[in-house]
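Asks: fold the following.
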Amino acid sequence: MTTALVPPAAVGGLTRRRLFVYGLGSVGTGLFSTVPGLLLLYFMTDTLGVPAGIAGLVVALPKAWDAVFNPVVGAASDREAVRTGRRTRLLVAGGLALPVAFAAMFLSPMTGTGAAVWVTVTFVLAASAFALFQVPYVALPAEMSPVPSVRTRIMVWRIVFLTLGILVAGGAAPLVVDAAGGGRKGYGAMGLTVGLVIAAVLLVPALGTRWVRSRPGPEPLGLVAAFRTARGNRAFFALLLSFVLQAAAVAIMLAAAPYVATYRLGGYGLTSMLFVCLVAPSAVAVPLWAKAAGRWGRLRCLTVATGGYALGAVALFPAAGGDGTVAVALTLVLCGLLGVCYAALQVLPLALLPDTVHADTARTGQVQSGAFTGLWTAGETVGLAAGPGAYSIALAATGFVSSTLDHPVAQTATARTGILLGFSLVPALLMLLSLPALRAYGRRRAARETETA
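Replies: Here you go, the predicted structure:
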């Protein structure tokens, strides 16, 4: 066997080139995860004239499909790994299909009901293509190294690139829309531009991680059997529940950002600034959280970051609810502080995930990385879908009126309050609700360690 086919951890450590190639894929996943969550709901309600309630369903239902489809992809990924020793085919398929479907999402030739149907179909296709790449991609770190500290290093690289992708998506996508003239023309140009970038950054790791040897077991489990196997891993499901709640909290805040910028802070152009302030600090904070986790423990640091995010989100309610430049400045500062906590929410759960996979291997004798990551990404998808979906329901309930670029609408005071609640108190509540699940994960992990000692 040549060293080219052996994981670097077995021959002296991961090289920076391999870490770079793997991490680059997270730029693409960050772009796809962020742009629809940030702009798609607003695009439909304020450009295509789709009513808020219907637009929320359009955003949520395709992702609900992913909650079913992702575990199927996970099982297929494990079967491919058994046959070929790699997960390359699904990675390449997703890398080719996602850019096309993503661009189509923002190229609707219709408004109103027709636009809702167009976006639904293209979003389902895009989400399915994303699953083909994302599920095997998330499974790779558990197979790149058996050493927890090395896997944490892999995750640091991945989250740094993910942060870059998210930052580019949230900071540049609204600017591209404006630069291209706004409206359907501007969103179409943005979709094409981002689609090309996604294609480039997904295909590099899809082909460049062929060195990773995937060995999930002698016979891959089917979807039902994989779920039955995972069901006994209580620590995994406790960690997953906390992650889903946190993903929903962040997704609601992202969906609310363009509305807060437009109707509370004075202009849609502030959307990019809000997003950059929320995400940019995490580029610096991710390595710091990794060092802190090495000293005080990953779970403890994740708990602190979760509580800090909740407190910061509560403070946004009076800050963004004020008037003038002071309100804008306070909101941006608070978003920057939230960005520090957001970094931990990105890197630490994913650093803990491989531990639950390897613990399950000791329990069952099977390495089912694809099955577990399929369930994980399905849960993440549910959280990301629930955020904009719930926010759209809140908009409809508080009287928000949809419009097109040519016919803007002034919103009522009640609607403006609803916009603000989704940006502050609701995310804070979800973060607090995730803390008992984290505590349960810690108890179950400690019990497992005691049993194996």
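
Asks: quick one: least confident helix or strand in this protein?
Replies: Using mean pLDDT, DSSP states H and E, the weakest-scoring helix or strand in the chain turns out to be helix 223-231, at a mean of 63.

Asks: number of residues surrounding the closest residue to residue 267 other than its chain neighbours?
Replies: By the measure of C-beta to C-beta, 6 or more residues apart in numbering, the closest residue to residue 267 outside its immediate chain neighbours is residue 261, 6.4 Å from it. All C-beta spots, glycine's among them, are computed from the backbone N, C-alpha and C. If you count neighbours by other C-beta atoms under 10 Å, residue 261 ends up with 25.

Asks: please state the offset of the host helix or strand of residue 201 from the chain centre?
Replies: For residue 201, the enclosing helix or strand under DSSP states H and E is helix 183-208. Put simply, helix 183-208 sits 17 Å off its chain's centre (C-alpha atoms, centre = their mean, to the nearest Å).

Asks: quick one: list the elements packing against it.
Replies: For helix 183-208, the helices and strands in contact under the criterion 3 or more C-beta pairs under 8 Å, 6 or more residues apart in numbering; DSSP states H and E are helix 16-35, helix 88-105, helix 112-144, helix 148-179.

Asks: just how off-centre is the shortest one within its chain?
Replies: With C-alpha atoms, centre = their mean as the basis, helix 88-105 stands 17 Å off its chain's centre.

Asks: okay, buried residues for the helix or strand hosting residue 415 please.
Replies: Secondary structure assignment for residue 415, by DSSP H and E: helix 413-421. The neighbour-count criterion (16 or more other C-beta atoms under 10 Å) identifies 415-416, 418-421 as the buried residues of helix 413-421.

Asks: tabulate the CA atom coordinates of it in CSV.
Replies: The C-alpha trace of helix 413-421 is given here as CSV (Å, rounded to 0.1, in the frame of the first residue of the first chain):
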residue,chain,number,x,y,z
ALA,A,413,-46.2,49.4,14.0
THR,A,414,-47.3,45.9,15.0
ALA,A,415,-45.5,44.4,11.9
ARG,A,416,-42.3,46.4,12.7
THR,A,417,-42.4,45.0,16.3
GLY,A,418,-42.8,41.5,14.9
ILE,A,419,-39.8,42.0,12.7
LEU,A,420,-37.7,43.0,15.7
LEU,A,421,-38.8,40.1,17.9
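
Asks: can you count the residues close to residue 36?
Replies: Here the count is done by other C-beta under 10 Å, and residue 36 has 27 residues near it.

Asks: can you tell me the SS state at the closest residue to residue 270 other than its chain neighbours?
Replies: Of all residues not flanking residue 270 in the chain, residue 261 sits nearest, at 3.9 Å (C-beta to C-beta, 6+ apart). Assigned with DSSP: H, G, I helix; E, B strand; the rest coil, residue 261 falls in the helix class.

Asks: sorry, back to before: and which of the buried residues of helix 413-421 is nearest residue 299?
Replies: Sorting the buried residues of helix 413-421 by distance to residue 299 puts residue 421 at the head of the list, at 30.3 Å, by C-beta to C-beta.

Asks: tell me the contacts of the residue nearest to residue 270?
Replies: Shown here is residue 261, whose contacts under the criterion C-beta atoms under 8 Å, 6 or more residues apart in numbering are 267-271, 273-274.

Asks: tell me which of the residues you listed is nearest to residue 131?
Replies: When the contacts of residue 261 are ranked by distance to residue 131 (C-beta to C-beta), residue 271 comes first, at 27.6 Å.

Asks: what residues does the closest one make contact with?
Replies: Shown here is residue 271, whose contacts under the criterion C-beta under 8 Å, 6+ apart are 38, 170, 174, 257-258, 261-262.

Asks: what about the residue lying closest to residue 142 once chain neighbours are set aside, how many neighbours?
Replies: With C-beta to C-beta, 6+ apart as the measure, residue 354 is the residue that lies nearest to residue 142, at 4.2 Å, once sequence neighbours are left out. The number of residues packed around residue 354, counting by other C-beta under 10 Å, is 25.

Asks: host element of residue 354?
Replies: Here residue 354 sits within helix 324-364, counting by DSSP H and E.

Asks: that helix packs against which elements?
Replies: Taking 3+ C-beta pairs under 8 Å, 6+ apart as contact, the helices and strands that helix 324-364 lies on are helix 112-144, helix 148-179, helix 223-231, helix 234-263, helix 270-296, helix 298-320, helix 369-397, helix 425-452.

Asks: model confidence over it, on average?
Replies: Per-residue confidence for helix 324-364 averages out to 84 on the pLDDT scale.

Asks: between helix 298-320 and that helix, find me the angle.
Replies: What separates the directions of helix 324-364 and helix 298-320 is an angle of 160 degrees, with axes from the mean of the first three to the mean of the last three C-alpha atoms, to 10 degrees.

Asks: chain center to helix 324-364: distance?
Replies: Using C-alpha atoms, centre = their mean, the distance from the centre of helix 324-364 to the centre of the chain it belongs to is 11 Å.

Asks: repeat for stretch 296-313
Replies: In this view, stretch 296-313 has its centroid 18 Å away from the chain centroid, taken as C-alpha atoms, centre = their mean.

Asks: try stretch 98-117
Replies: Between the mean C-alpha location of stretch 98-117 and the chain-wide mean there is a distance of 21 Å, by C-alpha atoms, centre = their mean.

Asks: please apply the same query to stretch 133-150.
Replies: For stretch 133-150, the distance between its averaged C-alpha position and the chain's averaged C-alpha position is 17 Å (C-alpha atoms, centre = their mean).

Asks: buried residues in that stretch?
Replies: Buried residues in stretch 133-150, counting neighbours by 16+ other C-beta under 10 Å, are found at 133-145, 150.

Asks: what distance do you get for the residue nearest to residue 270 to residue 331?
Replies: Using C-beta to C-beta, to the nearest Å, one gets 9 Å for the distance from residue 261 to residue 331.
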